[in-house]
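> Here is the input, now give the coordinates:
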Amino acid sequence: MNLDFKKPFIIAEVGGNHEGSLDYAKDLLIQAAAGGADAVKFQTYFPDRIVSKVEDPGRHKHFSKFSLLIDDYLELAELAKENNVMFMSSIWDSESFLALDSSISIHKIGSGDLTNFPLIKEIISTGKPLIISTAMSTMREVEDTVNFIEETKPEYKDSNKLAILQCVAMYGEPDDQYANLNVIRSLSQRFPNHTIGYSDHTIGNYAANIAVALGAKILEIHFTDDKSRDFRDHHISVTKEELIDLKQNILKTQTLQGATIKEPVLKIETSERISEFRRSCYLKNDCKSGEIITQENLTTLRPNKGIDSRDYFKLLGKKLLINKKAFEAIYWDDIE
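Prediction:
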């Protein structure tokens, strides 16, 4: 398995939208697969392993409510196989990594663990492809993490092994002005040997389409079946129907993108059509042999026959060798 995707790889991020219910998690997985997701991703966490219940009891309680059992994730991995979709889960601790690694083909490091070098080192020891999200980080911090990965495991210098996602941690009431989609280009320029993608936290799928146009090869989008549910992530998620629309829009976007080389599209921009639209140099009046060509008697017109309009200024001051009628194409053999 590698990250050399010919078309955008779409990850339906269930995350915590299952709200601690295995049955609901299964239902969301099945719906995401039906919507055309390439992978369905969860988040494997246990409160005592990620947050201090003394320093932040509120977050500890939150994670307690939304966690599943390891066996639940293994069951979801099997269900993913049955539905022909890849199972993924962000691993947030070493114990979970050891328990789930065999069920995961592509690992994902969430933005909160971008600087968690001990966990990253353990995950890349597998040699499996790794995707990292970059919310709440500077370019320097992203560089530090990428450098750490490449120095620890040189094989990750290959774009087939490491992907970097632009991400902004907008939840609740996201503001489009902070999506910063242009960072996708910045990441592409800074890390040309790696796959670049986008993890979306905006409402709808408009940003995802723009991300593809900007070069994103991976799209991670929160997924739900009901945006009106209380948990904040449902609000910024897409439904199965929206996922289907997104895939169709992506195909349209890629079709419109076309080639990267600027040249005529020969199937429609034929030499005949180019000649029909381009201009050449023509005399405004009948001129006799020996007359000098000036701006007063020279113009540019369609079609493009004879001397091209780009040579207009070269003709000025030249002498005609033959008689020429007005609006008759001029050729270099007609000029002294």
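> Can you tell me which helix or strand of this protein has the lowest average pLDDT?
Least confident helix or strand of the chain, by mean pLDDT, DSSP states H and E, is helix 57-66 with a mean of 78.
> Enumerate every residue touching the most centrally placed residue in the chain.
Most central in the chain under C-alpha atoms, centre = their mean is Ala216, positioned 1.2 Å from the mean C-alpha point. Ala216 sits next to Pro8, Gln166, Ile184, Ile196, Gly197, Tyr198, Ala208 when contact means C-beta atoms under 8 Å, 6 or more residues apart in numbering. The way it works is simple: take the backbone N, C-alpha and C, and place the C-beta from them, glycine included.
> To what extent is Thr294 buried, counted in neighbours?
Neighbour count of Thr294, defined by other C-beta atoms under 10 Å: 11.
> Distance of it relative to Ile307?
15 Å (C-beta to C-beta, to the nearest Å).
> do the same with Phe148
As judged by C-beta to C-beta, Phe148 and Ile307 stand 62 Å apart.
> swap in Glu241?
Applying C-beta to C-beta, the value for Glu241 to Ile307 is 59 Å.
> Neighbour count for those two, which is higher?
The neighbour count for Glu241 versus Ile307, taken as other C-beta under 10 Å, is higher for Ile307 (22 against 11).
> bridging residues for the closest residue to that one other than its chain neighbours?
Using C-beta to C-beta, 6 or more residues apart in numbering and skipping residues adjacent in sequence, the residue nearest Ile307 is Cys281, 4.6 Å away. Note on Cys281: beta-bridge partners by DSSP bridges are Thr300.
> Walk me through the domains of this protein.
9-257, 271-334 (automatic domain parsing).
> mind checking the end-to-end distance for the last one?
Start and end residues of domain 271-334 are separated by 24 Å (C-alpha to C-alpha, to the nearest Å).
> any idea of the mean pLDDT for it?
The pLDDT scores in domain 271-334 average 96.
> Numbering from 59 from now on, please.
Fine by me, first position is 59 from now on; the one you just mentioned is domain 329-392.
> now it: how far from the chain's centre is it?
Centroid separation for domain 329-392 versus its chain: 49 Å, with C-alpha atoms, centre = their mean, to the nearest Å.
> Alright, that wraps it up for me.
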